[in-house]
Each structure stands twice: as C-alpha cells, then as structure tokens.
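Student: Predicted coordinates and the sequence they were generated for:
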Amino acid sequence: MNGQPALASGQQRGGAPANSQPMLTMWPSYYAAGAFSGCTSGSAEDQHPEQPLQDQLQEDEDAASLQREREQRLLKRKQANRESAKRSKLKRKQAERDLNEHARRVDEERDSLASQLAAAQQRYAEAHAKHMELRQKIQGYAVSPSGDGGLGGVGGSACG
C-alpha cells in the first residue's frame, strides 16, 4: 500500500496498543475512578474526558483570583495605613504647633509677671526705706533732750 506495515486492530503507530480512553492514561486513577468504567456507555462523563483538565484549570483560575483578591486587599490595607500615618503625622505636627504657641504665651506671661514682680519689689523697697526714715524721725523726736517735743528748739511750742 503506502510502504508502511498495516496496523493490527488494537494497535497505534509506535507499537502501543490502542486505548479506547486516551485521556485515562494521562490522569491519576483518582480522577478516573468513577468517570471511566472501561466501556463506552454514552454518559456525559465519557463524552467529556477532558473534564478533569477543565476542573484543574478552573481551580487554577480560582486560586489566581483569590491571590489577586489577597493582593488587592493587601494594597488597600497598605494605602489605608499610609493615609493613617499621614493623618497621624499631620495631627502630631498640629499638636506640636499648638504646644509651641502655648509655650510662647506662657513665656510672655512669665516675663510680664516677672516685670510686675520686680516693679512691686522696687515699690516695696522704696516704701520700706521711707518707713524706716519716718520711724527714725519719730524716734528722734521722742528722745530729743531739749524737751520741746523734738522740734529742735525752733519756735518754742508745737501749737504756736
């Protein structure tokens, strides 16, 4: 015929026996446990021997979809954390500005109170000095030897 030996029924090229279920040899037995019984009954499972492959592809797609969802959640959480950190930083800077302003006002008030205290101490020192001067005058009048009541002998009496 065409120069090739004729194949016996039940054999394929290459010397391997023909298999009525070619996908069965490609998959482990747990995939084919109920799907292929060795006879062709015309069931839906026998008509679609690539079903385990489609199931595996679907599982891979589901796993990839789950991975994408995880990555999206992770990116969303990272972005939320960045925004939260930014808000926290701005809040901290505002608190720092508020504290600096409060410290400035307290310093101004302290300086004002210090100047008021210094002025009050100066007035006290002046009043105390005046008081001591007047006390000495009074004591000088009280112990005056002239007997004229401490007027120093000028004019005689205090009443006149």
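Tutor: Sure thing, it's come through.
Student: show me where pLDDT drops low in the chain?
Tutor: Across the chain, the ranges flagged by pLDDT under 70 are 1-50, 145-160.
Student: hmm, try it at 90
Tutor: 1-64, 140, 142-160 (pLDDT under 90).
Student: residue ranges of the helices in it, please?
Tutor: Taking DSSP state H as the test, the helices found in the chain are 29-32, 44-47, 51-142.
Student: For the ones you listed, state which one has the densest average packing.
Tutor: Mean neighbour count (mean count of other C-beta atoms under 10 Å) peaks for helix 29-32 among the helices of the chain, with a mean of 13. No exception for glycine: its C-beta is placed from N, CA and C like everyone else's.
Student: can you tell me how far L134 sits from Q79?
Tutor: Distance of L134 to Q79, computed by C-beta to C-beta, to the nearest Å: 82 Å.
Student: before we move on, what about K86?
Tutor: In terms of C-beta to C-beta, K86 sits 11 Å off from Q79.
Student: Pull the number of nearby residues for S144.
Tutor: S144 has 14 neighbours, counted by other C-beta atoms under 10 Å.
Student: 42 is where my numbering starts, stick with that
Tutor: Let's use 42 as the start, then, which means that last one is S185.
Student: That one and L175, how far apart?
Tutor: Taking C-beta to C-beta as the measure, S185 falls 16 Å from L175.
Student: Equivalent analysis for E124, please.
Tutor: On the measure of C-beta to C-beta, E124 and L175 end up 75 Å apart.
Student: ok, now H143?
Tutor: H143 is 47 Å from L175, by C-beta to C-beta.
Student: Then S156?
Tutor: Distance, S156 to L175, using C-beta to C-beta: 29 Å.
Student: Please apply the same query to K127.
Tutor: 71 Å.
Student: got it, and E100?
Tutor: 109 Å.
Student: Kindly report the same for L154.
Tutor: For L154, the distance to L175 equals 31 Å [C-beta to C-beta].
Student: E150 now?
Tutor: Distance from E150 to L175, by C-beta to C-beta: 37 Å.
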